[in-house]
Structure formats: C-alpha cells, structure tokens
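1. Take a look and give me a structure for this.
(one chain, ligands or ions: 2)
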Amino acid sequence: MGFKGAPQAKQLDGSNLRIGIVHARWNQSIISALLEGVDTQLAKMGVRKENIVVQSVPGSFELPFACSKMIAASKTQTNTTMTATDLLASSSTNLAEDLKKASSTSLSTAFDAVIAVGVLIKGSTMHFEYISDAVTKGLMRVQLDSGVPVIFGVLTALTEEQALERAGISSNEEKNHNHGIDWASAAVEMALGTQEWTAGRFL
Ligand SMILES: Nc1c(NC[C@H](O)[C@H](O)[C@H](O)CO)[nH]c(=O)[nH]c1=O
Ligand SMILES: CC(=O)[C@@H](O)COP(=O)(O)O
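-> Ligands and ions are numbered 1, 2, ... in the order given. Take a look at the predicted model:
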C-alpha cells in the first residue's frame, strides 16, 4: 500500500517558530512513538527544542480544552514579555538589550501552531464514536476561534494494529508509517502560512 500522506509543499524553515504539543496519555506506548516522529520532523525542519512546549492530558477528550488554554497562555506570555521590554526600553538602559538577548534564547511569543496528539482505539461501546466526534469538532473550533493552527494528530483506530501501523511500530513493516512526521510538517507549514496570510502575503 503506497504512503497516503500529503507531500511537503516546499522546503520550509521552522527556526523562528514556537510550537505547542498537547498529548493524551491513553495508549502511552503508541503516543510515545508518535511524539518521537513529531520531534524528529520538527527538528529536521529547524524548529528549536527550546521553542517547543509539551503538555499532557489524561485522554483525547481533554485535548480541545487544553489546546485552548495553552494558546491563551502563550498569548499572555507575549503580552507580559512585551510589557517588560517596553518598560525597560522606556528607561533606555542596556537592560532592554539584556532582556531581548535572554528572550532570544527561547521565544515567548504566542504559539505559531499547536499539535494535538491522541490515540483513540475502538472498544465494545459507542464511547469511541462520541469522543472521536467531540474531539474532532472541538479542535477545529479551537483553531478557528483562536486563529492559531491546531494540527489534528489524533488516531481514531478500529483496532490496536491500525494504531500501531500509524505510529510506525507494528510488526508489519510494509504498513508502518509514523503519522507524527506528517503532523509536524503540517504544523510548520500552517504556522508559516498563517504568518504570511496574517501579514497580507502568500506562501
Ligand atoms: N478510550 C480512550 C480514551 N478515553 C478517555 C477519554 O479521552 C477521557 O480522558 C475520559 O473520558 C475522561 O474525560 N481516551 C483516549 O485518548 N483514547 C482512548 O482509547
Ligand atoms: C475509545 C474508548 O473510549 C474505548 O477505548 C473505550 O472502550 P469501551 O468502549 O470498551 O468502554
């Protein structure tokens, strides 16, 4: 079976991006493999480790709320940093430069994109369907309401084998592809695209 994912649009530079990752802890071994794929691809695209913030929640149902709160928190950090910078700048001391240097090691700007990672595996009740639908619609609402791209990194698998394959850790090598790689690429592309579109330009 050929790889289904979307080929990357073009060479993109993530070196100035701040990325949030919110992951559920259900099905932890599969989550860990997906996160490894995300981390590896973000690094490959230049996103600095110090500009990646990771938070975890119990299950996928908590992802939309946590993403919303993390985005709001990152916007608060931006305001705080800017206030401090403005204050120091007005005193025209070299502290303003020190602050800029300090903040240049890790960004304190609003997240450019957030990746929500979860693994839902169908059980014997309708729980799976209700959570899958709620999480999908919830994450879509968070990104449209906040203006920050939220990447849908939630596997909705009918069997554990399907989830293992999509995390690249099943025993069937031919079917293995770590979807975390695709989610990281999508995060960088949507983050850069949003920067351009917000400025009235196009990628
Ligand atoms: N069955 C799975 C869950 N269930 C837990 C819910 O997501 C939620 O944490 C709970 O209902 C409390 O609100 N979560 C997963 O991520 N994956 C599953 O397979
Ligand atoms: C996705 C789920 O909530 C599912 O794993 C729960 O299993 P069950 O439907 O057997 O309670």
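2. Tell me which residue is most central in this protein.
-> Ile115 (2.0 Å; CA atoms, centre = their mean).
3. Residue numbers of this structure in contact with ligand 1?
-> 24, 26-27, 58-62, 118-121, 131 (CB under 6 Å from any ligand atom). In short, each C-beta sits where N, CA and C put it, glycine included.
4. can you list those in JSON lines and add secondary structure and pLDDT?
-> As requested, the residues of the chain next to ligand 1 are exported to JSON lines (DSSP: H, G, I helix; E, B strand; the rest coil; pLDDT from 0 to 100):
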{"residue": "Ala24", "secondary structure": "strand", "pLDDT": "98"}
{"residue": "Trp26", "secondary structure": "coil", "pLDDT": "98"}
{"residue": "Asn27", "secondary structure": "coil", "pLDDT": "98"}
{"residue": "Pro58", "secondary structure": "coil", "pLDDT": "98"}
{"residue": "Gly59", "secondary structure": "coil", "pLDDT": "98"}
{"residue": "Ser60", "secondary structure": "helix", "pLDDT": "98"}
{"residue": "Phe61", "secondary structure": "helix", "pLDDT": "98"}
{"residue": "Glu62", "secondary structure": "helix", "pLDDT": "98"}
{"residue": "Gly118", "secondary structure": "strand", "pLDDT": "98"}
{"residue": "Val119", "secondary structure": "strand", "pLDDT": "98"}
{"residue": "Leu120", "secondary structure": "strand", "pLDDT": "98"}
{"residue": "Ile121", "secondary structure": "strand", "pLDDT": "98"}
{"residue": "Ile131", "secondary structure": "helix", "pLDDT": "98"}
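5. List only buried entries from those.
-> Ala24, Trp26, Asn27, Ser60, Phe61, Glu62, Gly118, Val119, Leu120, Ile121, Ile131 (16 or more other CB atoms under 10 Å).
6. Helices of this structure, start to end?
-> Using DSSP state H, the helices of the chain run over residues 28-44, 63-90, 95-105, 127-146, 160-166, 179-198.
7. Pick out the shakiest of the ones you listed, pLDDT-wise.
-> Of all the helices of the chain, mean pLDDT reaches its minimum on helix 95-105 (a mean of 55).
8. What's opposite the residue nearest to the centre of the chain in the beta bridge?
-> Residues in a beta bridge with Ile115, per DSSP bridges, are Ile21, Ile151.
9. Before I go, just wanted to say thanks for your time.
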